[in-house]
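Colleague: Have a look at this prediction, sequence included:
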Amino acid sequence: MKAPQSIILRPLVTEKTTALTQDANVLTFEVARDANKIEIRRAVEVLFSVKVTGVRVAKTLGNRPLTLSPLLAPSGALPDLLDWLKRGPWESILLVGHMPDLATLASRFVCNHPNAGIDFKKSAVCCITFAGGPTSGSGCLQWFLPPKPLIMIGRCKGGDVHDM
C-alpha cells in the first residue's frame, strides 16, 4: 500500500478550484499518475481527517517542456526542420499555423506522403504522436482543430481572439 503523501502530490489552487471549494465543498489535488480512485479516497481521508463522498479524476498533459523551433518560422526550410525533428527525442509534436509546408510535414509523418490531404488553414493546430520518434509514416494524428473551434475556445475563455 502506498503512503498517502506519495499519492496526494499538492493542492491545485486556481480561481475555479477556489470557487468549487466555496460553492460545492470540493477539494482539488494533483495526484500520482498511477493512483486509482480508491487510493486517492483513502489518502485524502487519512491526510485530512475527512469523509470523502466521491472522487473524480481528470488526466491532463501537465507541464511538459516545450521546445520552439525557429525552423517553423516562414523563413524556415522544411528539410532543415525534418532533420532537427529526427535528432530530438520527441514523443509528440504540435503543429500550429497555415504554411503549406506544415501541411506537408503533418502528411509525411502520418501518411508517409507529402500530399495526404491534411489541410492547414489560418491558425489550425494538430497534435501528432510517435511510438519511436518522428519518422515518415510513424505518426498518429491525435487531434486536429481548424480555425473556427479555436476562435470559439478563445472567446469562451475570455481571450482576445480575432478572426483573421
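Modeller: Nice, I can see it.

Colleague: Tell me the confidence at residue 23?
Modeller: Residue 23 is assigned 90 on the pLDDT scale.

Colleague: can you tell me which helix or strand it belongs to?
Modeller: Element membership for residue 23 (DSSP states H and E) is helix 15-24.

Colleague: For stretch 2-13, which residues meet the burial criterion?
Modeller: 4, 7-8 (16 or more other CB atoms under 10 Å). All C-beta atoms are positioned from the backbone trio N, CA, C, and that covers glycine.

Colleague: Span of it from start to end?
Modeller: From its first residue to its last, stretch 2-13 covers 24 Å (CA to CA, to the nearest Å).

Colleague: Contacts for it, please.
Modeller: If you take CB atoms under 8 Å, 6 or more residues apart in numbering as the criterion, stretch 2-13 is touched by 27-32, 35, 39-40, 42-44, 46-47.

Colleague: low-confidence ranges in this protein?
Modeller: Where the chain drops to pLDDT under 70, the residues are 61-66, 72-74, 97-101, 119-123, 150, 153-164.

Colleague: can you pull out the helices in it?
Modeller: Assigned by DSSP state H, the helices in the chain fall at 4-7, 15-24, 37-48, 78-87, 100-111, 147-156.

Colleague: if you compare those, which one is most tucked away?
Modeller: Mean neighbour count (mean count of other CB atoms under 10 Å) peaks for helix 100-111 among the helices of the chain, with a mean of 20.

Colleague: Next one: the residue of the chain positioned farthest from its centre from residue 4, what distance?
Modeller: What lies farthest from the middle of the chain is residue 49; by CA atoms, centre = their mean that is 34.1 Å. In this view, residue 49 and residue 4 are 12 Å apart by CB to CB, to the nearest Å.
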